[in-house]
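Give me coordinates for this.
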Amino acid sequence: MSALRRLRFVLLLMVSMAAFGVAACVAPGAAPADGSSSSGSAVTVTYWAHNFEPRVELDQKYIAQFMEENPDITVEYEVIPSDFDAKLRTALASGQGPDLFAQWNGDIGTFYAEEAIAPVSAESLGLASQQELMDQYVAPENTLQGAIFDGKLYGIPNEVSIYACYANKALFADAGLDADADFPATWEEMKDVAEKLTKRDADGKLVQQGFDFDWGASVWMYLEWGAMVRQLGGSDLEPASEEAQKVMEYWVNWATEWGLGGPAYWTSQTDDFTAGKVAIKCGMGSWAKSTIEEAGIDYTVKPVPIWENAVSQNHFDTYAYFHMVNSHSAPEVQAAAWKLAYFLDSHPIDYMVNTGLLQPKTELADSQEFQDIPYMDIYLDEMSVSMYSPRLANFIEVADVLARARDRSIVDGMAIPESLQIAQDEIDKILEDAQ
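Residues are numbered from 1 along each chain as shown. Sure, this is the predicted structure:
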């Protein structure tokens, strides 16, 4: 059976199983579909992925090519329609699940603590060392940091993202400003520029915002608030610090004393910008480009601001989906899974051009295709100096603590130092219990 026919057969089999309610979780290291023993030369790799159709189409193309070039490896590729996160977490926690999967770095701390993931095998990739793999990436100490534990790499990036600031040129012009020349480089400047871009009705209600943060999911307390704390040399995990207090005061004042935005005005990462209701949004990645262009917005992209007295030049947080391998899979299956992951992630130009997904390899950065895409250099430059959020087993639990601290001061009016001390006590308890 040809590689393409094998792939189609496996996909049809998966669909049929789902239709009849057959459990899709396959015990790691189970016998290959062709019946041969896992100890033999033929192996089967079960690969789970979330449903992003442009990427799925390319995955299918390269998986077929991979099986053609590696006839001893069969790939069972399953695309999870909607409940990918929950299904993957549950399967891995029980010691089962797929042999290979791609998941974002917010879960990697949990997977590492559960000993559910295996370190990258350079030998399986045909490389002499982990460093040889890392050297293929732009600023690997930053772009790969989200998957490094105790010096070992536990994932190969399938897609890496970071936020930048989109600015509506027309709204800037209406305020007598130029979106390029007058864009704020610091958080101190952001307040002044945002005020000039803000419009209020007769009752003082905002009808156009200059800028606003993302106030929805608690994860933005890492990606945005925490990143601002780290610019000052602080830590998300030390909310009682002077650095954290300064940033929290900025966020609280934004919504209360300055009246420039806040939770009451937040809709989504993109909707208010595409509707022309806010002039600057800094919580969107390169993935937002097509949505904004479809809305007919004339825009420019700028780096996320940095404090005037910043000790770190990071912007908002880098985040990524990494290909990871199940530590419970048989050794020969792990080796085949890493080989597949490396093959899939060795076509960064194709994935960038056809899906918009960024794999920060030097091969991509040096390509004409990359250089021809407007503003992509900004994202890569930001990644080269920025950080990942803390990789904790209780990632969301800590994020929720930080969001509650924010809301106590904005909504309930609690003094910021008091609210942050409560958060500090809660985080200390969470981290202590996790040891």
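
now what about whichever strand or helix holds residue 423, what contacts it?
Assessed by DSSP states H and E, residue 423 sits inside helix 416-434. Identification of contacts with helix 416-434 by Cβ atoms under 8 Å, 6 or more residues apart in numbering yields 113, 237-240, 244-245, 248-249, 252, 392-394, 397-398, 401-402, 404-406, 408-409. Yep, even glycine has a C-beta here, placed from its N, CA and C like the rest.

what about stretch 175-182, distance to the chain center?
Centroid displacement of stretch 175-182 relative to its chain, using Cα atoms, centre = their mean, to the nearest Å, is 30 Å.

Now do the same for it: mean pLDDT, whole number.
Stretch 175-182 comes out with an average pLDDT of 98.

who touches that stretch?
Counting by Cβ under 8 Å, 6+ apart, 167, 168, 169, 172, 173, 193, 196, 197, 279, 299, 300, 302 sit against stretch 175-182.

so how many other residues sit close to the fifth one?
Spelled out, it's residue 173. A count of nearby residues for residue 173, using other Cβ atoms under 10 Å, gives 12.

Skipping adjacent residues, who's closest to it in space?
residue 179 (7.7 Å; Cβ to Cβ, 6 or more residues apart in numbering).

Distance of that neighbour relative to residue 339?
Residue 179 sits 46 Å away from residue 339, going by Cβ to Cβ, to the nearest Å.

Reduced to three states, what does residue 272 come out as?
Under DSSP: H, G, I helix; E, B strand; the rest coil, residue 272 falls in the helix class.

again, but for the one 10 residues further on
Recorded secondary structure, residue 282: strand (three-state DSSP).

my read: it touches residue 211, true?
Yes. Using Cβ atoms under 8 Å, residue 282 is in contact with residue 211, at 7.2 Å.

center of this protein, which residue is that?
The residue lying closest to the centre of the chain (Cα atoms, centre = their mean) is residue 319, at 3.0 Å.

Surely that one forms part of a helix?
No. Counting by three-state DSSP, residue 319 falls outside a helix, being strand.

Wait, it touches residue 103, no?
No. Between residue 319 and residue 103 there is no contact under Cβ under 8 Å: 11.4 Å.

From the contacts of helix 416-434, keep the buried residues only.
Buried members of the contacts of helix 416-434, counted by 16 or more other Cβ atoms under 10 Å: 237-240, 244-245, 248, 252, 392-394, 398, 401-402, 405-406, 408-409.

Among those, name the ones in strands.
Members of the buried ones among the contacts of helix 416-434 lying in strands (criterion: DSSP state E): none.

Contacts only, for residue 125.
133, 338, 339, 342.

which residues sit against the host helix or strand of the third one?
Here residue 339 is covered by helix 331-344, with elements defined by DSSP H and E. Under the criterion Cβ under 8 Å, 6+ apart, residues 28-29, 38-39, 43-45, 47, 59, 62-63, 66, 70, 73, 75, 99-100, 118, 120-121, 123-125, 133, 156, 158, 323, 325-327, 329 lie in contact with helix 331-344.
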